[in-house]
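A.B. asks: Give me the fold of what follows.
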Amino acid sequence: MINEFRDKLTEIKSKRNYVQNERDLLEGFSKNTVKDNEELKFNIENKNTEAGQLETDHRVEVKVYMQKVKHLEYDARLNAKQAEAEGDRDLKIEDEHHVERLKQLQKDKSNFKREQAKNDDVYQHEIKNTENQQQKMMKLLKEDYEKKLQVMIDKYEDTLVKLRRELELKLKV
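C.D. replies: Below is the predicted model:
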């Protein structure tokens, strides 16, 4: 009887070790999946940071253009003051020159505003395209990992079913 119980004990320990190894293997796969998920979250954060940097760069360029416009307006005011100081004799010539200069500055200002509006549209379009691409990539990555996860779940469920059958067969034997 003692030998039979020892044999049964050895057999039960063997089966327990086998089941424990399978359980450890499944836990390892689970940890790997969690790690992959964290890496994806990190990649998403990086992409969001890049989009924020692009938006910040765009704002800086807009400020530069606004400073140029202010500078041109300042130049126009300075030229007007100098024209008054030169005197009456050059007043007609300076007035004509000043009028022409103001027209040119206004054209430049309107051109800068048009360029700024065009650049705003381009940058907004680029940002939208980048966001759309990132959303598509995130969706594709999510679908891919969901498929991989489902495949892994199906595979391990099949393996579990096979192992249970083998175990039941061994128990019957």
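A.B. asks: So in this protein, which helix runs the longest?
C.D. replies: Counting residues, the longest helix in the chain under DSSP state H turns out to be helix 2-86.
A.B. asks: Could you find the closest non-adjacent residue to the most centrally placed residue in the chain?
C.D. replies: Nearest to the geometric centre of the chain sits residue 47, at 2.1 Å (C-alpha atoms, centre = their mean). Among residues not flanking residue 47 along the chain, residue 134 sits closest, at 5.0 Å (C-beta to C-beta, 6 or more residues apart in numbering). To be clear about C-beta, it is placed using only N, CA and C from the backbone, and glycine gets the same treatment.
A.B. asks: if we can go back for a sec, elements contacting the longest helix of the chain?
C.D. replies: Secondary-structure packing of helix 2-86 (3 or more C-beta pairs under 8 Å, 6 or more residues apart in numbering; DSSP states H and E): helix 91-172.
A.B. asks: pLDDT weak spots in the protein?
C.D. replies: In the predicted model of the chain, residues 83 satisfy pLDDT under 70.
A.B. asks: ok, now with 90
C.D. replies: Where the chain drops to pLDDT under 90, the residues are 1-2, 76-95, 98, 172-173.
A.B. asks: residues in contact with residue 168?
C.D. replies: Shown in contact with residue 168 (C-beta atoms under 8 Å, 6 or more residues apart in numbering): no residues.
A.B. asks: now it: how far from residue 40?
C.D. replies: Distance of residue 168 to residue 40, given as C-beta to C-beta, to the nearest Å: 39 Å.
A.B. asks: Return the distance of residue 64 relative to residue 71.
C.D. replies: 10 Å.
A.B. asks: Now the common contact residues for those two.
C.D. replies: With the criterion set as C-beta under 8 Å, 6+ apart, the contacts of residue 64 and residue 71 do not overlap.
A.B. asks: Much appreciated, bye for now.
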